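J.: Structure, please.
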Amino acid sequence: MYDWANSAMIVVVVTAIFPIFFASYAGVGLSAAQVQFRFSATTTIALTIIAVLSPILGTVADHVPIKKRLLGAFLSVGVTAIALMFFIPQGGWLFALALFLLANIGANGSFVFYDALLPHVAGNEEIDRVSTAGYALGYVGGGLLLLLALLLVLYPAAVGLPAGEGISARAASLPARLSFVLTAVWWIVFAVPLFRRVPEPMAKALSEAERAQGSMRAAFGRLAVTVRELRKFRNAFLLLVAFLVYNDGIGTIIRMATLYGESIGIDRTVMIGAVVLVQFVGIPFAFLFGQLAGRVGAKSSIFVGLAAYVGITFVGYFMTTATHFLVLAALVGMVQGGTQALSRSLFGSMIPRHSSGEFFGLFAVFEKFAGIFGPGVFAVMIALTGSSRGAILSIVVFFVVGALLLTLVDVAEGQRIAREAEGG
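T.: Next comes the predicted model:
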């Protein structure tokens, strides 16, 4: 249900409504290139902050039973920032980006501790199915909330909001700003089942020396140990490196799609409709990826997703019409959730459960740095060429190199070593 809750933030704030709201309202006075550069640069800063914090906090959460409390703290930051987006003024791009920064920190920080719960609630034989089911429910929740938000944005008069010619820019922006408030409420309400029903995992015992140091100093010490221990879990580390590369491409497509469409003249209604299409196409295909992993393995299933993403990148480069954008959205919906969910569960199967916070903290570092390089490359390519087309084509490199690195991962060996480290 937390996938259901947080997906509302991802589709409304990261993907669909906020980027267009920022370009057309908060970023008034900025050129299209400035809008894209500042938006992607803010994403880079937010993910860098989480990349630095997550392994330290993840290590603390393994030794002190506070995974759920830390998840709640980051959730509170994100929810508050999104609710405050209601007050963004026209041309207030700096305030808008500051709140977008905090929303990203809140969401991505909470994911560290959410993902670390996965090995504790799912056994080896069901971890792929549970992870992909979570993504599928995320598509349902995110899709339903996006439909509600679209009702406000596209048909304001139907719900009693100002509409028509002659209204002020502030009044015209009201539906979008209300959709941010709705997103904040949705996120926090549907997070409640996790806090009520999922038990806090037992903390890993500290040594006497670590207890004398205190939790934070011990966490830094344990983090250094965990980094050294990655040498024992070679295949988990190789997966992390492959994931760093190919997830960079996935994240860049998610975050830059609507701004790219805006820059080449795709109608905004079509773009938002495409985001809805991704959500609902993603529901059955996330489940199908879970079933595919049961037949051919998670690693082979990820290869299927990466091959599809190479094709998606070329479709994006040659895209000129609204029909092309919708085809692109359908293709993304078919592979996005399954590829990311199976990456999460495959990593979870190759680490010892008692160190899930530490290892998923490192997973978050690689995941967030993946989010850093892609938008960064996108911004640089725009700055160098003045166009988004070259930037979108450059993303294919991430999928090809990531797939080549994934071939080096020996899943069976990685899982065997992880179970031995658990003592069973």
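
J.: from here on, contacts and neighbour counts on C-alpha atoms
T.: Will do.

J.: for the one helix or strand residue 287 maps to, packing partners?
T.: Element membership for residue 287 (DSSP states H and E) is helix 268-296. Judged by 3 or more C-alpha pairs under 8 Å, 6 or more residues apart in numbering; DSSP states H and E, helix 268-296 is in contact with helix 127-154, helix 234-263, helix 298-318, helix 322-349.

J.: Can you check what angle separates the longest one from helix 322-349?
T.: Relative orientation of helix 234-263 and helix 322-349, computed by axes from the mean of the first three to the mean of the last three C-alpha atoms, to 10 degrees: 160 degrees.

J.: quick thing: my sequence starts at 45, can you match it?
T.: With the count now opening at 45, the last piece we talked about shows up as helix 278-307.

J.: chain center to the helix holding residue 331: distance?
T.: 15 Å (C-alpha atoms, centre = their mean, to the nearest Å).

J.: what do you get for stretch 122-139?
T.: With C-alpha atoms, centre = their mean, you get 20 Å for stretch 122-139.

J.: same question, stretch 227-235
T.: 17 Å.

J.: Just the buried positions in that stretch, please.
T.: Neighbour-count burial for stretch 227-235, counted by 16 or more other C-alpha atoms under 10 Å, picks out 227, 228, 229, 230, 231, 232, 234, 235.

J.: how about the CA coordinates for the helix or strand hosting the fourth one, as PDB?
T.: For residue 230, the host element (DSSP H and E) is helix 218-233. Backbone C-alpha positions of helix 218-233 (Å, rounded to 0.1, in the frame of the first residue of the first chain) are rendered in PDB as follows:
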ATOM      1  CA  LEU A 218      -5.900  26.900  -9.000                       C
ATOM      2  CA  PRO A 219      -6.800  23.400 -10.300                       C
ATOM      3  CA  ALA A 220      -3.100  22.400 -10.600                       C
ATOM      4  CA  ARG A 221      -2.400  23.800  -7.100                       C
ATOM      5  CA  LEU A 222      -5.300  22.000  -5.600                       C
ATOM      6  CA  SER A 223      -4.100  18.800  -7.300                       C
ATOM      7  CA  PHE A 224      -0.800  19.200  -5.200                       C
ATOM      8  CA  VAL A 225      -2.900  19.400  -2.000                       C
ATOM      9  CA  LEU A 226      -4.800  16.300  -3.000                       C
ATOM     10  CA  THR A 227      -1.600  14.500  -3.700                       C
ATOM     11  CA  ALA A 228      -0.200  15.300  -0.200                       C
ATOM     12  CA  VAL A 229      -3.400  14.000   1.400                       C
ATOM     13  CA  TRP A 230      -3.400  10.900  -0.700                       C
ATOM     14  CA  TRP A 231       0.200  10.100   0.100                       C
ATOM     15  CA  ILE A 232      -0.200  10.400   3.900                       C
ATOM     16  CA  VAL A 233      -3.600   8.600   4.100                       C
END
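
J.: just checking, what packs against it?
T.: Contacts defined by 3+ C-alpha pairs under 8 Å, 6+ apart place helix 218-233 against helix 46-53, helix 61-65, helix 111-128, helix 171-198.

J.: Tell me, what's the model's pLDDT at residue 164?
T.: Residue 164 is assigned 83 on the pLDDT scale.

J.: Roughly how far does it sit from residue 342?
T.: 19 Å (C-alpha to C-alpha, to the nearest Å).

J.: Which of those two has more residues huddled nearby?
T.: Counted by other C-alpha atoms under 10 Å, residue 164 and residue 342 do not tie: residue 342 has more neighbours, with 23 against 18.

J.: hang on, isn't that one packed against residue 391?
T.: No: if you go by C-alpha atoms under 8 Å, residue 342 and residue 391 don't touch, sitting 10.1 Å apart.
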